[in-house]
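Undergrad: quick one, what's the 3D model for this:
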Amino acid sequence: MEIKNVVVIGGGVLGSQIAYQAAYCGFNVTIWLRSEGSIGRCQPKLDYLKEVYTDTIHLMASDEGKTPQNWAMGISDYEDFDKDKCLEKADRAYENIKLELDLQKAVSDADLIIESMAENVEQKIDIYKKMADLLPEKTVIVTN
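TA: Model (predicted):
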């Protein structure tokens with residue numbers, strides 16, 4: 001099975017990071033959020049991650065960045081590093097992450113769902129029940 005469409009359920013600190021990295025790696029990424037307020041909390045996290053990726057890529061292009069403690073393997077292998085391509089990927093990731101409030105729209109073509117909600121058992125059970133009838137048979141579900 002080829003994975004193209006990734007849905008992250010929850011856009012908190014970890015969910016937004018998972019979503020950004022997946023988008024950086026070229027996947028189509030949607031973050032499902034429960035409310036407009038959640039969008040207001042998630043978007044600044046994505047803004048910050050774009051800044052972190054950009055700053056890290058610039059650091060990696062410097063002599064100081066070419067050290068084990070400063071190199072970000074999730075951004076590029078050392079041998080394949082191309083600053084401009086990495087910056088382009090970081091921009092594309094930021095621009096292409098979709099934020100969605102409609103669960104059915106979010107999961108309708110999901111190849112992979114990564115559940116990254118707060119550790120509230122009742123809310124987790126509720127979202128899994130709601131997703132059960134909406135998911136295509138191909139969908140793989142994982143939790144962080």
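
Undergrad: which residues does the lengthiest helix in the chain contact?
TA: When the chain is parsed with DSSP state H, its longest helix is helix 36-60. Helix 36-60 has contacts (C-beta atoms under 8 Å, 6 or more residues apart in numbering) with 11-13, 15-17, 19-20, 24, 31, 33, 65-66, 70-72, 75-76, 81, 83, 86-87, 90-91, 93-94, 97, 99, 101. C-beta here means a position set from N, CA and C on the backbone, and glycine is covered the same way.

Undergrad: now do the buried residues in that helix.
TA: 38, 42, 43, 45, 46, 49, 50, 53, 56, 57, 60 (16 or more other C-beta atoms under 10 Å).

Undergrad: could these go into CSV alongside pLDDT and distance to residue 114?
TA: Output for those, formatted as CSV (pLDDT from 0 to 100; distance: C-beta to C-beta, whole Å):
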residue, pLDDT, distance to residue 114
38, 92, 16
42, 97, 14
43, 97, 19
45, 98, 15
46, 98, 16
49, 98, 16
50, 98, 20
53, 98, 19
56, 97, 22
57, 98, 24
60, 97, 26
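
Undergrad: just want the most central residue of the chain.
TA: residue 19 (0.4 Å; C-alpha atoms, centre = their mean).

Undergrad: and the residue nearest to that one when sequence neighbours are not counted, what pLDDT?
TA: Among residues not flanking residue 19 along the chain, residue 8 sits closest, at 4.4 Å (C-beta to C-beta, 6 or more residues apart in numbering). Per-residue pLDDT puts residue 8 at 98.

Undergrad: kindly report the same for residue 144.
TA: The pLDDT attached to residue 144 in the predicted structure is 81.

Undergrad: count of residues packed around it?
TA: 13 (other C-beta atoms under 10 Å).

Undergrad: give the contact list for the closest residue to it other than its chain neighbours.
TA: Leaving out its chain neighbours, the residue that sits closest to residue 144 by C-beta to C-beta, 6+ apart is residue 116, at 4.8 Å. By C-beta under 8 Å, 6+ apart, the contact set of residue 116 is 8, 9, 10, 11, 12, 14, 15, 18, 143, 144.
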